[in-house]
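>>> need the 3D shape of this:
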Amino acid sequence: MSDAGRSSRRVFLKSSAACVGGAFALCSLLPESLRALPVDTIAGLDGAGEVSFPIPPADSINVDGKTGMILARTAGKVYVFSMTCPHERAGVKWVPKDNRFACTKHDSKYRPDGTYISGRSTRSLDRFPIRRDGNNVLVNPDLVFRADKDPAGWAAAVVSV
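Predicted coordinates:
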C-alpha cells in the first residue's frame, strides 16, 4: 500500500472514530445487567510502528477512537477490528442486548469475534494483525485482513489468553 493510501485510510478512520467512539461510550453507561459484554473506551500506545493495548482481564469490548480500532476479548481470545463496516465503511456499534456488533447504516450483524452473521455486508469485520507481548497485544495499524481476500490471515489474527 502506498504512503498516500495509508494516510487517507488513517484520516478516514480517525475522522469517523469520534462518532462511533461516542456511541460505544454511551453503551458503557448501561447497567451491567443489560450488557452481554462490558464496553469501555481505551487508548493504545504508539511505538515502533505498532499500537499496544493491555489485554482486558475479562471478556469485554474496548474502543480506541483515536486509532479507529475495536479490541474484543471473548471466549479466551482477543481480536482487534476496524471500527467500520466492510460494506460501505459506516461505523459499527456494539449491541449489548443481542451480544453482537451491528453496522450503523444498514444493520449488518457480526458476532463478538467479527464473524459476519447477516445483512448487506457479505463478509466479516476486517481484523488487524496482532501478537502478544506479555500482558499486552501489539497491533500493526498499517495492515488489515479481509476474510474474503485472505481467510488464513484473517483467521490467524487472534491471540489466545
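
>>> what segments of this protein are helices?
3-27, 151-156 (DSSP state H).

>>> mind listing the strands for the chain?
Applying DSSP state E to the chain gives strands spanning 39-41, 45-47, 50-54, 60-64, 69-74, 77-82, 92-95, 100-103, 109-110, 116-118, 130-133, 136-139, 159-160.

>>> so which elements touch the last one?
Just to be clear, that refers to strand 159-160. strand 77-82, strand 130-133 (3 or more C-beta pairs under 8 Å, 6 or more residues apart in numbering; DSSP states H and E). Backbone N, C-alpha and C define where each C-beta goes, glycine included.

>>> mind listing what's buried along the last one?
Right, the one you point to is strand 130-133. Across strand 130-133, burial judged by 16 or more other C-beta atoms under 10 Å covers residue 130.

>>> coming back round to it: okay, the strands of the chain in CSV with distance to residue 153 and mean pLDDT next?
Shown next, in CSV, are those (distance: least, C-beta to C-beta, whole Å; pLDDT from 0 to 100):
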stretch, distance to residue 153, mean pLDDT
strand 39-41, 27, 52
strand 45-47, 23, 54
strand 50-54, 17, 93
strand 60-64, 21, 91
strand 69-74, 17, 94
strand 77-82, 13, 95
strand 92-95, 20, 91
strand 100-103, 20, 92
strand 109-110, 18, 94
strand 116-118, 16, 94
strand 130-133, 12, 95
strand 136-139, 14, 95
strand 159-160, 14, 96
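
>>> adding distance to residue 145, write those strands out as TSV.
Shown next, in TSV, are the strands of the chain (distance: least, C-beta to C-beta, whole Å):
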stretch	distance to residue 145
strand 39-41	24
strand 45-47	21
strand 50-54	16
strand 60-64	18
strand 69-74	13
strand 77-82	10
strand 92-95	16
strand 100-103	17
strand 109-110	15
strand 116-118	14
strand 130-133	10
strand 136-139	12
strand 159-160	14
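
>>> before we move on, the earlier item: format the helices and strands packed on strand 159-160 as a markdown table; extra columns: distance to residue 93.
Converted to a markdown table, those look like this (distance: least, C-beta to C-beta, whole Å):
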| stretch | distance to residue 93 |
| --- | --- |
| strand 77-82 | 12 |
| strand 130-133 | 22 |
